[in-house]
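> Structure, please.
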Amino acid sequence: MGFKILLMDDEPLYKDLIEEVLSPHEMVLNYVSNPKELKNNCEKFKPDLILLDWNMGPVSGIDVLHQIRMCTKMSK
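Sure thing, here's the model as predicted:
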């Protein structure tokens, strides 16, 4: 299995674009469209890299990053 990337974005167009760019490089892309899905996917998928949308309505990528860091600290 290749490098695992988790993408969180509320615009499916960006998912399609990133998927097209990454597919020749044997990278695995897991896509979520909202922050509620992110935690569960992060724990199950165990990505090597997480790409976050900077502005997703009421929640920013920075807010989500803080949530990810808290989950990571709690799981150690």
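
> quick one, helices of the chain?
12-22, 35-45, 61-75 (DSSP state H).

> Need the contact partners of the second one.
The reference is to helix 35-45. Under the contact criterion C-beta atoms under 8 Å, 6 or more residues apart in numbering, helix 35-45 has outside partners 4, 6, 8, 30, 32, 50, 56, 59, 63-64, 67-68, 71, 75. C-beta coordinates here come from the backbone N, C-alpha and C atoms, glycine included.

> Taking those residues together, which two end up most distant?
The largest separation in these, counting by C-beta to C-beta, is between M56 and S75 at 23.9 Å.

> Looking only at neighbour counts, state which of these two leads.
M56 (18 against 8; other C-beta atoms under 10 Å).

> Model confidence for that one, exactly?
pLDDT, M56: 75.

> shaky segments in the chain?
Counting by pLDDT under 70, the chain contains low-confidence ranges at 1, 70-76.

> same thing but 80
Residue ranges of the chain with pLDDT under 80: 1, 35-36, 38-40, 42-43, 56-60, 67-76.

> I'd like to check which residues are in contact with L49.
Residues in contact with L49 (C-beta under 8 Å, 6+ apart) are F3, K4, I5, L6.

> how close does it sit to P58?
Using C-beta to C-beta, to the nearest Å, one gets 25 Å for the distance from L49 to P58.

> count of neighbours near the residue nearest to W54 when sequence neighbours are not counted?
Nearest-residue entry for W54: G61, 4.5 Å, with adjacent residues in sequence omitted and distances by C-beta to C-beta, 6 or more residues apart in numbering. When neighbours are defined as other C-beta under 10 Å, G61 has 17 of them.

> May I ask you to confirm that G61 is in contact with L51?
No: contact between G61 and L51 fails when scored by C-beta atoms under 8 Å: they sit 9.0 Å apart.

> Find residues that contact each of these two.
M8.

> Let me see the contact set for L51.
Applying C-beta under 8 Å, 6+ apart, we find L51 in contact with I5, L6, L7, M8, D9, I18.
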